[in-house]
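Student: Fold the following, please.
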Amino acid sequence: MSNILIAGTGPVAVQLAYIFTTEQQNQVDMVGRTKSSKKSKRFYQAYHQHQQQLEVTVQNEQHKALAGQFKIRQLYANYSDLNQNTSKHRYDTLVLACNANAYTSVIQQMPQTVLENLHHIILISPTIGSHMIVQQQLTGINADVEVVSFSTYIGDTRVTNEVTPHQVMTTGVKKHVYIGSTTNKKDSDFMVMMQRLFENVDVCLIALDAPLMAESRNSSLYVHPPLFMNDFSLNVILNGSDVPVYVYKLFPEGPITMNLIHEMRLLWQEITLILEKLNVPSLNLLEFMVKENYPVRKETFSEQEIKNFQKLPAIHQEYLLYVRYSAILIDPFSKPDSNGKYFDFSAVPFKQIYQNDQGMLQMPRMPYEDYYRTTIIRQIGALVGIETPMIDRLLQRYALHISKFVEVHTEFEYSEQFQIKHFEADVYLINNYLKNVSH
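Tutor: Alright, predicted model coming up:
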């Protein structure tokens, strides 16, 4: 790894650029979309106004290895500008620091000469099957490229001031993140190099045997669709609320009811069946939540309940999931104040639809990103012969709310996110990939 191109100019891209520049021999370039994105244009302008200096700060001192001021070699305004330097800079690694639904279009915009020379492509925020889409897209161009999927981004990084998007803050870091390679070797040279690189900034990457294993180790795939694609949440996202309501609170303060938990369990079960069909070990959802996401006090569950979660009767599983969400309404490890109040951990407000820079209504990342991810999972299920009635219901509910809103509110202009899509191009690539694998 020496010549690295990062596709994206958001906060995640900036943090990753810093990590890659910690290895002295690495040359890092970034590419944005200034022609089509005002955010990208603002970043490009801020970068040049501040002596091409980028900066990462951290909220917690324990993450200080991720912080610093640094420079990259070059920032390209648009993908078309890459044509100017293809002979000058041969990239061996492409990092896709964008949403999973953008992977196909990003690769389509890349000059073929860039794609032909790549040895590795890193997917930072994939869904189940993203590596299939990317690998299949490169079949006729660079069939030997190694695709590495992360389970999810390493933490939470954000722009704190819109005027200075070249300065970002990382506010949280995951205990560890999973990675998997299309070489199906967890000790491939590149995987080992990646682990060492991230270890330098105190981020633990756990290598798994295959990219599908990493892609399926992301709890948001299992919990976001029921949390955001229910009537309560969709109504708040589209129409607002008279009083504040919150994503992770119990009804009526939030969407969590026994029915939502029931839908969560059914969704997890359907994804599990799809993974089993693809020879991927299933995920113990409760264990993943408790051990890897947000811990609860040991008094909340017995170890036996956590370990045996997958074997328990459905009603017992739902009971435990409901208890888990009840246990993190407050941060159980925070210190109570003099009135016995703990930190209100679950008070995460819903983000609502908003007008983008072009004056068009736009969906927030959640649930739009979840809609894409869940649609792809559903289509993979159909391709491998697994019925997904719960996933179907979630997607239909989402589509119904969006369609009704557009029908009623003719006064607005809408971004393409308000179109009900089935992402046929990505599904076509997955279908071809699965056909090739079966042969």
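Student: Let me know the pLDDT of Gln358.
Tutor: On the pLDDT scale, Gln358 is placed at 88.
Student: Can you tell me the number of residues neighbouring it?
Tutor: 11 (other CB atoms under 10 Å). From N, CA and C alone the C-beta is placed, and that goes for glycine too.
Student: again with Glu424
Tutor: 10.
Student: and if you look at the one 4 residues further on?
Tutor: For Tyr428, the neighbour count with other CB under 10 Å is 14.
Student: And the pLDDT at Ser2?
Tutor: For Ser2, the model assigns a pLDDT of 85.
Student: same check, this time on Val12
Tutor: Looking at Val12, the pLDDT reads 98.
Student: Show me what the nearest residue to Lys64 once chain neighbours are set aside is bridged to.
Tutor: Of all residues not flanking Lys64 in the chain, Val58 sits nearest, at 5.9 Å (CB to CB, 6 or more residues apart in numbering). For Val58, the residues forming beta bridges with it (DSSP bridges) are Thr170.
Student: From Gly172, how far out is Val58?
Tutor: 9 Å (CB to CB, to the nearest Å).
Student: Among the two, which residue is more densely surrounded?
Tutor: With neighbours defined as other CB under 10 Å, Val58 and Gly172 compare such that Val58 has more, 21 against 12.
Student: OK, contacts around the more buried one?
Tutor: By CB atoms under 8 Å, 6 or more residues apart in numbering, the contact set of Val58 is 64, 66-67, 169-171.
Student: Check Ala210 too.
Tutor: If you count contacts by CB under 8 Å, 6+ apart, then Ala210 has 180-182, 184, 280 around it.
Student: distance of it from Thr183?
Tutor: 9 Å.
Student: sec struct for Ile141, please.
Tutor: With DSSP: H, G, I helix; E, B strand; the rest coil as the basis, Ile141 sits in coil.
Student: I'd say it and Val114 touch.
Tutor: No: with contacts counted by CB atoms under 8 Å, Ile141 stays clear of Val114, the gap being 9.9 Å.
Student: How is the residue positioned nearest the centre of the chain assigned, secondary-structure-wise?
Tutor: With distances taken as CA atoms, centre = their mean, Ser125 lies nearest the centre of the chain, 3.6 Å away. Three-state assignment for Ser125 (three-state DSSP): coil.
Student: phi, psi of it?
Tutor: phi -130, psi 60 (degrees, to the nearest 10).
Student: Kindly provide the distance from it to Val348.
Tutor: Distance from Ser125 to Val348, by CB to CB: 19 Å.
Student: same check, this time on Asp426
Tutor: Distance from Asp426 to Val348, by CB to CB: 29 Å.
Student: The two - which one has more neighbours?
Tutor: Asp426 (26 against 12).
Student: Isn't that one up against Ile377?
Tutor: No: taking contacts as CB under 8 Å, Asp426 lies outside contact range of Ile377: 11.6 Å.
Student: The nearest residue to Lys38 once chain neighbours are set aside: what's it in contact with?
Tutor: Distances taken as CB to CB, 6+ apart put Asp357 closest to Lys38, at 3.6 Å, once the chain neighbours are dropped. By CB under 8 Å, 6+ apart, the contact set of Asp357 is 37-39.
Student: just Gln310 next, same as before
Tutor: 282, 284.
Student: any idea how far it lies from Tyr322?
Tutor: Relative to Tyr322, and taking CB to CB, Gln310 is found at 17 Å.
Student: quick one: low-confidence ranges for the stretch 151-300 of the chain?
Tutor: Along the stretch 151-300 of the chain, no part satisfies pLDDT under 70.
Student: residue boundaries of the strands in the stretch 251-400 of the chain?
Tutor: With DSSP state E, counting those that start in this stretch as the criterion, the stretch 251-400 of the chain has strands at 354-355, 361-362.
Student: which residues touch stretch 270-290?
Tutor: 128, 210, 212-213, 216-217, 219, 221-223, 268, 296, 301, 305-307, 309-310, 317, 320-321, 324, 377, 380-381, 384-386, 388-391.
Student: Can you give the distance of it from its chain's centre?
Tutor: 18 Å (CA atoms, centre = their mean, to the nearest Å).
Student: Please apply the same query to stretch 158-173.
Tutor: Distance, centroid of stretch 158-173 to centroid of chain: 18 Å (CA atoms, centre = their mean).
Student: And for stretch 9-19?
Tutor: The answer for stretch 9-19 is 14 Å, by CA atoms, centre = their mean.
Student: Please apply the same query to stretch 307-323.
Tutor: 26 Å.
Student: how about the CA coordinates for that stretch, as CSV?
Tutor: The C-alpha atoms that make up stretch 307-323 are tabulated as CSV, following Å, rounded to 0.1, in the frame of the first residue of the first chain:
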residue,chain,number,x,y,z
LYS,A,307,-24.9,-17.3,25.0
ASN,A,308,-28.0,-19.4,24.3
PHE,A,309,-30.0,-16.6,22.8
GLN,A,310,-30.3,-18.2,19.3
LYS,A,311,-31.7,-21.5,20.8
LEU,A,312,-34.4,-19.9,23.0
PRO,A,313,-38.1,-19.8,22.0
ALA,A,314,-39.2,-16.8,20.0
ILE,A,315,-41.2,-15.2,22.8
HIS,A,316,-38.2,-15.5,25.2
GLN,A,317,-35.9,-13.9,22.5
GLU,A,318,-38.3,-11.0,22.1
TYR,A,319,-38.5,-10.5,25.9
LEU,A,320,-34.7,-10.3,26.2
LEU,A,321,-34.5,-7.8,23.3
TYR,A,322,-37.1,-5.6,25.0
VAL,A,323,-35.2,-5.8,28.3
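Student: How about the secondary structure of Tyr433?
Tutor: helix.
Student: And for the one 3 residues further on?
Tutor: Using three-state DSSP, the three-state assignment for Asn436 comes out as helix.
Student: Would you mind listing the residues in contact with it?
Tutor: 136, 139.
Student: Now tell me what touches stretch 423-435 from outside.
Tutor: 101, 104, 129, 132-133, 135-137, 139, 372, 375-376, 379-380, 383-384.
Student: Give me the buried positions along that stretch.
Tutor: By 16 or more other CB atoms under 10 Å, the buried positions in stretch 423-435 come out as 423, 426-427, 429-431, 433-434.
Student: So which of those is the closest to Gln51?
Tutor: Asp426 (39.9 Å; CB to CB).
Student: What distance do you get for that closest one to Lys185?
Tutor: Distance from Asp426 to Lys185, by CB to CB: 26 Å.
Student: Then Leu283?
Tutor: 22 Å.
Student: and the two? which has more neighbours close in?
Tutor: Neighbours were counted for Leu283 and for Lys185 using other CB under 10 Å; Leu283 has more, 20 against 16.
Student: So what does the more buried one look like in phi/psi?
Tutor: Backbone torsions of Leu283, given as degrees, to the nearest 10, read phi -100, psi 130.
Student: how far away is it from Val148?
Tutor: In terms of CB to CB, Leu283 sits 20 Å off from Val148.
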